[in-house]
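Student: Below are the sequence and a predicted model; questions follow.
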Amino acid sequence: MGIRRVRQCLLLLLAVALPAIAARPAPPARPLMPLYDAAGLKKACDGAIANARRHAKLMGEKKSPTGVFNEWNQLQIGIEDVLNPAYLLGEVAPDKAVRDAAEPCLAQFISLNTELLQNEKIYRRVEAAKPANAHQAKLRKDLLENFEDSGVTLAPEKRARAKAIFDKLEELRQAFDRNIRDDPTRVTFTPAEMEGMPAAYLKAQEGKRDKDGNYVLTLAYPSYFPFLANATSGEARKRYYVAKLREGGEKNLAILEEIFALRKELAALYGLPSFADYALRRRMVGSPQAVDKFLASVKDAVVDLEKKELEELRAEKAKDLGTPLADTRLERWDTSYYQERVRKARYAVDQEELRKYFPTEKAVDYVLLVSQRLYGVTFKEVKVPVWNPDVRYFDVLDAKTGAFQSGFYLDLYPREGKFNHAAQFGIRGASLVAKRTPSAALVANLDAKGLDHGELETLMHEFGHVMNAVLSRTDYQPHSANGKQDFVEAPSKMYEEWARREGPLALFKEVCPDCPQLTHEQIERLQAARRYGQGIRYARQWLYSVFDMELSKNPRPPLAVWAALESATPQGHPEGTMLPASFSHIASSYAAGYYGYMWAEVLALDMLSAFHGNLMDPEVGRRYRDTILSQGSQEEEIDQVRKFLGREPTSDAFFAEITGKR
Ligand SMILES: [Zn+2]
């Protein structure tokens, strides 16, 4: 049960806070991603930063506030035109030299960001500006908060310290992720220890055998997760589990401790008691107390269910090994294995079998078809220059008028050196005032032959992010994406349901008449199998969230805090493991924000209820597009949800879901 199994989107949050002054020529009809080589990337990066500084200087020299919103919009556009492609290429460029060139570039942009947001002259102009409409008023409010959070109102020495802290935090975040990426750990298993592994898995690992015929496995998810779920040897699973839970190593524990100490110091510069207070006052949730209250209600809801599920798994283990129940202990490396056994026995769900139902190319066609029908758009594949031959590009056109709206790239298959999770990357933000159309990329690591159900959900989830990005119709680029970090996962979490429900899944036969079709009964069993283990899953999510909040409220050595929290759970803390060393969310902008996955799910499931069971209702789809997907953060997220639902949101659907009482 690794942390990153929860799908995350690595939205580049810093881009929201960042800002070209001169009017730019009208954009071409189909803006494409620049494909820099390493030298080109460095040159573009240096150029964009120098331009931004020049424009900021001009902005600061003006006395009148007039025009400051459009100037800031242009400044941001100039930055994202280089920053976003650099960020994406850093994760997907086939040439390592390009990926390496992205790191210092990003660090420079972080530094520039703080510098711009500490620009007192621009701050004064924004402060004096009289908004002409609601979107400008929201932009003014957001900008003032961004400026203030970056230290512009602090005394000069405190402001300098804030800048130094932001720079250092980015340096530490990069080091933390590098220590995980470059972790050399390999775990060796004899052929006998591979018992239980599917034939396709063994075939994929064939190239990784040493001279003695043993399998030498890395800590990558595609190797690790199936092993934990299928390998019959408990000893072998234990070895892999402990190695995986040491990923990142002692070095990362020290880095994490330094990161949280610096965050505390940052909050103190503002007279705030903790980093949690500093971060959460800008989120939907509003305060640490509100997060604590939410997490307490999650715990209450799942505590008994978790115990019940663990007991069932323990009984399954005793039966499997023929040991007396009283002497049988369910270890953490046993959980997925016995869950998988129970799922197969009880629900007859075999994930490997499902790949026949969802050939990958057809599954992509399915996601595209569903989205076009639901949102009244047409996707047209166009051959354009891309960073790797298997990357595809699509124009998004209005279904009625055929007008060009935006575009997206799909980079779906694994390759050496590529980003190893699934995420949506923004390339261009939308800005109606600048006549700027958005674009985005979906990056994933799918099995090219066919998807299991989890992968279909992942594809749907990430495409939910893509729709949110490319259907954005905001006045200003800084509002193009959702600003509230505890909302960003809501549209994508919601879209996962389109991989689960019978109504939309019936459309699969349109994209693949020859594929076997899931029956009503199979879909029911899939749903039941997915829900099995909710108690264990949400209890774990609760634990990660509480750990994040503990460090954000009161920084202490991370491993001690984690071990104490985990020891208090039914399965305890496995000696020698150090989960915090690879918890990259909290080393990055997700700190004091891990709860946001569950918080966004509350909103996702509530919004889903507006479809009244008909997930392909184009009228609701249209309303959802107009009130949520197109609005970015130019309107408060809570108000968008109220408009869509026609009422206050509630957490009823969420708690019904996690307790299986839906
Ligand atoms: Zn996501």
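Tutor: Arrived safely, thanks for sending. Numbering: from 1, shown residues only.

Student: Which parts of the stretch 301-450 of the chain are strands?
Tutor: Shown for the stretch 301-450 of the chain, the strands assigned by DSSP state E, counting those that start in this stretch span residues 377-381, 392-398, 404-411, 423-428, 439-443.

Student: pLDDT of the last one, averaged?
Tutor: Averaged across strand 439-443, pLDDT comes to 97.

Student: can you tell me which of the strands of the stretch 301-450 of the chain comes nearest to V641?
Tutor: The minimum distance between V641 and the strands of the stretch 301-450 of the chain falls on strand 423-428, with 20.6 Å, by Cβ to Cβ. Every residue, glycine included, has its C-beta placed from N, CA and C.

Student: what's in contact with that closest one?
Tutor: Strand 423-428 is contacted by residues 8-12, 15, 31, 33, 80-81, 84-85, 87-88, 91, 409, 436-444, 462, 465-466, 469, 480-481, 492 when judged by Cβ atoms under 8 Å, 6 or more residues apart in numbering.

Student: With distance to P618 added, can I get the strands of the stretch 301-450 of the chain in a markdown table?
Tutor: Rendered in a markdown table, the data for the strands of the stretch 301-450 of the chain read as follows (distance: least, Cβ to Cβ, whole Å):
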| stretch | distance to P618 |
| --- | --- |
| strand 377-381 | 11 |
| strand 392-398 | 14 |
| strand 404-411 | 17 |
| strand 423-428 | 24 |
| strand 439-443 | 23 |
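
Student: Please dump those strands into TSV; it should also carry mean neighbour count and distance to P184 for every row.
Tutor: TSV is the format used below for the strands of the stretch 301-450 of the chain (neighbours: other Cβ atoms under 10 Å; distance: least, Cβ to Cβ, whole Å):
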stretch	mean neighbour count	distance to P184
strand 377-381	15	41
strand 392-398	19	34
strand 404-411	22	27
strand 423-428	25	25
strand 439-443	25	25
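
Student: right, and the ones you listed - which one's nearest the ion?
Tutor: Closest of these to the ion is strand 423-428, at 7.0 Å (criterion: Cβ to the ion).

Student: Parallel or antiparallel, list what pairs with that closest one.
Tutor: strand 439-443 (antiparallel) (DSSP bridges).

Student: Excluding chain neighbours, give the residue nearest to the residue in the stretch 401-550 of the chain that the ion sits nearest to in space.
Tutor: Of all residues in the stretch 401-550 of the chain, the one sitting closest to the ion is S492 (4.3 Å; Cβ to the ion). Distance criterion Cβ to Cβ, 6 or more residues apart in numbering; nearest residue to S492, sequence neighbours excluded, is G464 at 3.6 Å.

Student: show me the contacts for the one you found.
Tutor: Contact partners of G464, counting by Cβ under 8 Å, 6+ apart, are P491, S492, K493, M494, Y495, E496.

Student: Please identify which of those is nearest to V367.
Tutor: Here the nearest of the contacts of G464 to V367, counting by Cβ to Cβ, is Y495; it sits at 9.0 Å.

Student: Report the distance from the host helix or strand of that closest one to the chain centre.
Tutor: Under DSSP states H and E, the secondary-structure element containing Y495 is helix 490-495. The gap between where helix 490-495 is centred and where its chain is centred comes out at 11 Å by Cα atoms, centre = their mean, to the nearest Å.

Student: One more: stretch 345-365?
Tutor: 24 Å.

Student: Keeping just the C-alphas, turn that stretch into CSV.
Tutor: What follows is stretch 345-365, C-alpha atoms only, in CSV (Å, rounded to 0.1, in the frame of the first residue of the first chain):
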residue,chain,number,x,y,z
ALA,A,345,-12.7,-16.1,-4.3
ARG,A,346,-15.6,-13.9,-3.3
TYR,A,347,-16.1,-11.8,-6.4
ALA,A,348,-14.5,-13.9,-9.1
VAL,A,349,-12.6,-10.8,-10.3
ASP,A,350,-9.3,-11.4,-12.0
GLN,A,351,-7.7,-8.1,-13.1
GLU,A,352,-5.4,-9.8,-15.6
GLU,A,353,-8.5,-11.3,-17.4
LEU,A,354,-9.9,-7.8,-17.8
ARG,A,355,-7.2,-6.8,-20.3
LYS,A,356,-9.1,-8.6,-23.0
TYR,A,357,-12.1,-6.4,-22.3
PHE,A,358,-10.1,-3.2,-22.5
PRO,A,359,-7.5,-3.3,-25.3
THR,A,360,-5.5,-0.1,-24.7
GLU,A,361,-6.1,1.7,-27.9
LYS,A,362,-9.8,1.0,-27.7
ALA,A,363,-9.9,2.1,-24.1
VAL,A,364,-8.4,5.4,-25.2
ASP,A,365,-11.1,5.7,-27.9
